[in-house]
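Trainee: Take this sequence and fold it.
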Amino acid sequence: MAENALANQTANKSKQDAVPAKDKTDFRNLDPKQKAAIVVVSLGADRASQIYKYLNEQDIEDLTYEVAKMGKTTNSQVEGALDEFYKLCLTHKMMTDGGLDYARNVLEKAFGETTARSLLEKVSKTLQSRPFNFFMKGDPKALLSLLQHERPQVIALIMSYMDPEQAARVLEQLPESKRIPTVEGMAKMDRVSPEAIAIVEEEMKRKFATIITSEDNMNLGGVDYVADVMNHVDRSNEKRIFDELDKRNPELSKSIRDKMFVFENILDMDDRSVQRFIRDCDAKDIVYALKSASDEMQQIFFTNMSKRMAETVRADLEITTNVRMKDVEEAQQRIVNIIRRLEDAGEVIINKGGEDDNIFI
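Mentor: Residues are numbered from 1 along each chain as shown. Here you go, the predicted model:
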């Protein structure tokens, strides 16, 4: 039933294509992204940059794309977008500060009943809880018990609403036959209609006896999200998943890898960045991490250490034997976590995939 709802959404696209084109110069016919682009441009570069700090990567990409293709706008479009933006901000503040009834009373007096109702409906949707939010509070074992019996398409939808760490734990515990189809489903997912989400929620609701509120169409899944999930999966499961994905869909596998940061990406880092994260690493972790590393990787570490530290690590590598692969992988993961921790501080740089432009992390 849930799978049919998701499939029917794709089938309905052909019907939607038959709708006559609208007058794009009319403000009322602009979509939300176009309105957002007009607001950002109207605010100017300095103020717009402050807004970008609060957006996720996908929203930034979407908004930048809309700004880039926007072209000329009419005065009525700019005035309409700014007016709606102001009213929505005002509505949101009144609802959060004074509640729904207070906001309704003020808005009806200020803008009339019809406009007030429209504003309240839009803002109410942004204040509702995300679909499948009950999974965040549910028992992990009960969650896995439920999901492992669902189809990969449904699992992918539900996991797309989880935070990456929780999704990683679920992915690790799924039956092997469902892991790769689920990864593919998340990576290929774009937008899902509220109707389809509501059907899946209804099935989950009966099992968890929890009422969930659906949202409007949302950007879900995608390669970036899967890469974030895979960054939280332990290295053994990561290898198994990618080995299988390489066979089934090598192009998708490469796209996900290109978005990830893994231990091997240290080879692409500049010397200053390597020196920076080494300062935060435990010496024992470095020794364990380098036990299975290539000569090139070891040389990267030795070159960027002090002479004394390099001699100590070399000596420890010689005398450290019978190290379990699990311990090696865990040490490598701890080093990767340190690099990710430096991500927010912008203290290291990594050039992924040999591309010309650097990605600051």
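Trainee: Helix, strand, or coil at residue 343?
Mentor: Following DSSP: H, G, I helix; E, B strand; the rest coil, residue 343 is assigned to coil.
Trainee: Report how many residues lie close to it.
Mentor: 14 (other C-beta atoms under 10 Å). (Each C-beta comes from the backbone N, C-alpha and C, glycine too.)
Trainee: and what of residue 165?
Mentor: 12.
Trainee: Check the gap between the nearest residue to it once chain neighbours are set aside and residue 239 for me.
Mentor: Nearest residue to residue 165, sequence neighbours excluded (C-beta to C-beta, 6 or more residues apart in numbering): residue 232, at 4.9 Å. Remark: distance between residue 232 and residue 239 (C-beta to C-beta, to the nearest Å) = 15 Å.
Trainee: any idea how far residue 229 is from residue 165?
Mentor: For residue 165, the distance to residue 229 equals 8 Å [C-beta to C-beta].
Trainee: cool, residue 77 as well?
Mentor: 39 Å.
Trainee: More neighbours: the two, which one.
Mentor: Per other C-beta under 10 Å, whichever of residue 77 and residue 229 has more neighbours is residue 229, with 27 against 21.
Trainee: where's the more buried one relative to residue 237, distance?
Mentor: For residue 229, the distance to residue 237 (C-beta to C-beta) stands at 11 Å.
Trainee: what touches both of those two?
Mentor: Shared contacts of residue 229 and residue 237, defined by C-beta atoms under 8 Å, 6 or more residues apart in numbering, comprise residue 171.
Trainee: circling back: who has more neighbours out of residue 232 and residue 239?
Mentor: Shown here are residue 232 and residue 239; by other C-beta under 10 Å, residue 232 has more neighbours (19 against 12).
Trainee: Which strand or helix spans residue 153?
Mentor: Element membership for residue 153 (DSSP states H and E) is helix 152-159.
Trainee: Show me what that helix is packed against.
Mentor: Where contact means 3 or more C-beta pairs under 8 Å, 6 or more residues apart in numbering; DSSP states H and E, helix 152-159 is packed against helix 2-11, helix 164-173, helix 176-188, helix 194-208.
Trainee: how big is the angle separating the third one from helix 164-173?
Mentor: Computed with axes from the mean of the first three to the mean of the last three C-alpha atoms, to 10 degrees, the direction of helix 176-188 lies at 150 degrees from that of helix 164-173.
Trainee: Give me the contact list for helix 176-188.
Mentor: By C-beta under 8 Å, 6+ apart, helix 176-188 touches 148, 152-153, 155-157, 159-160, 171, 174, 220-223, 225-226, 229, 240-241, 244-245, 248-249, 252, 255-256.
Trainee: Distance of residue 330 relative to residue 263?
Mentor: Per C-beta to C-beta, residue 330 is found 11 Å from residue 263.
Trainee: neighbour count winner among the two?
Mentor: Between residue 330 and residue 263, counting by other C-beta under 10 Å, residue 263 is the more crowded of the two (19 against 15).
Trainee: wait, doesn't that one sit right on residue 338?
Mentor: No: with contact defined as C-beta atoms under 8 Å, residue 263 does not reach residue 338; the gap is 11.2 Å.
Trainee: angle of the helix or strand where residue 240 lies against helix 176-188?
Mentor: Here residue 240 sits within helix 235-248, counting by DSSP H and E. In terms of direction (the same axes, to 10 degrees), helix 235-248 departs from helix 176-188 by 70 degrees.
Trainee: And the strands in the protein, which stretches?
Mentor: Taking DSSP state E as the test, the strands found in the chain are 349-350, 359-360.
Trainee: Averaged pLDDT, the first one. What do you get?
Mentor: Meaning strand 349-350. Mean pLDDT, computed over strand 349-350, is 75.
Trainee: Please apply the same query to stretch 302-322.
Mentor: The model assigns stretch 302-322 a mean pLDDT of 94.
Trainee: just stretch 81-96 next, same as before
Mentor: 70.
Trainee: Okay, now stretch 251-267: how far is its last residue from its first?
Mentor: Length of stretch 251-267, first residue to last, C-alpha to C-alpha, to the nearest Å: 22 Å.
Trainee: got it, and stretch 154-168?
Mentor: 16 Å.
Trainee: Check which residues of that stretch are buried.
Mentor: 154-162, 164, 166-168 (16 or more other C-beta atoms under 10 Å).
Trainee: Tell me the one of those nearest residue 37?
Mentor: Distances from residue 37 to those, taken as C-beta to C-beta, are shortest for residue 160 (25.3 Å).
Trainee: Next, find the distance separating residue 243 from residue 179.
Mentor: 11 Å.
Trainee: Compare those two (neighbour count), which wins?
Mentor: Remark: of residue 243 and residue 179, residue 179 carries more neighbours, 21 against 11, as counted by other C-beta under 10 Å.
Trainee: what's the burial count for the residue lying closest to residue 282 once chain neighbours are set aside?
Mentor: Spatial nearest neighbour of residue 282, excluding adjacent residues (C-beta to C-beta, 6+ apart): residue 334 at 7.5 Å. Counted with other C-beta under 10 Å, the neighbours of residue 334 add up to 16.
Trainee: Likewise for residue 336?
Mentor: Neighbour count for residue 336, taken as other C-beta under 10 Å: 21.
Trainee: so what are the domain limits for this structure?
Mentor: As assigned by automatic domain parsing, the chain contains the domains 21-127, 133-256, 262-360.
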